[in-house]
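[1] Test case, fold it:
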Amino acid sequence: MEPRRVIVGVDGSAASIDALDYAARIAAALGSPLEVITTWILPPVADALLIDGWSPETDAGVIQETAIQQVFDGAPPVGLRRTVIGGPAARTLIELSEQAEMLVLGSRGRGGFAGLMLGSVSAACAAHAHCPVLIVRSGREPARER
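    The predicted structure is shown next:
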């Protein structure tokens with residue numbers, strides 16, 4: 001039986017990059033697979049944007065891959081799972097947490113108000129996830145540089 005996975009939500013923000021670094025260390029310590037989740041939704045003006053060839057799914061994939069390259073310097077852990085999925089971030093992560101050992105998130109994402117200590121996605125997941133949730137604050141040096 002495969003151990004339950006550690007999932008990490010990545011949106012390209014500094015906090016999510018730090019969360020990915022922490023999640024990798026936690027997954028290694030637990031002997032669990034690591035899965036990087038990036039969600040996307042169609043904005044209200046999607047029809048006009050799609051005509052020009054823009055794809056939010058492709059954009060989300062690029063954001064995820066950039067984060068993975070940044071954290072792992074081109075050498076991601078063996079067995080790293082990459083998932084790009086459509087849907088609202090909080091709802092999607094809460095659903096996925098049913099099958100997870102732990103959910104790791106950055107404290108602040110790409111949107112919202114800069115003065116808040118906790119973003120709406122991390123707050124919703126902390127309140128409703130089906131597994132332990134680790135919320136990582138950004139602004140600290142990644143472990144590899146300490």
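
[2] contacts and neighbour counts: CA atoms only from here.
    OK.

[3] What's the local residue count around the nearest residue to Ser138 once chain neighbours are set aside?
    Leaving aside its sequence neighbours, Ser138 sits nearest to Ala15 (Cα to Cα, 6 or more residues apart in numbering; 4.4 Å). By the criterion of other Cα atoms under 10 Å, Ala15 has 23 neighbours.

[4] what's the answer for Arg91, then?
    The burial count for Arg91: 15, using other Cα under 10 Å.

[5] So for the residue nearest to Ser138, what pLDDT did the model give?
    pLDDT for Ala15: 92.

[6] How about the one 5 residues further on?
    If you check Leu20, the pLDDT there is 97.

[7] swap in the one 10 residues further on?
    In the predicted model, Leu30 carries a pLDDT score of 94.

[8] who's in contact with the most centrally placed residue in the chain?
    Note on the chain: the residue nearest the mean C-alpha position is Gly9, at 1.4 Å, using Cα atoms, centre = their mean. By Cα atoms under 8 Å, 6 or more residues apart in numbering, the contact list for Gly9 reads 16, 19-20, 36-38, 93, 103-106.

[9] For it, which non-adjacent residue is spatially closest?
    Gly9 sits nearest to Ile37 (Cα to Cα, 6+ apart), 4.9 Å away.

[10] Tell me how many other residues crowd Leu93.
    So Leu93, with other Cα under 10 Å, has 28 neighbours.

[11] Can you name the residues that contact it?
    9, 37, 125, 129.

[12] Next, give phi and psi for the residue nearest to Ser138.
    When read as degrees, to the nearest 10, the backbone of Ala15 gives phi -60, psi -40.

[13] quick one: it and Arg137 touch, right?
    Yes. Ala15 lies in contact with Arg137 (Cα atoms under 8 Å); the separation is 6.0 Å.
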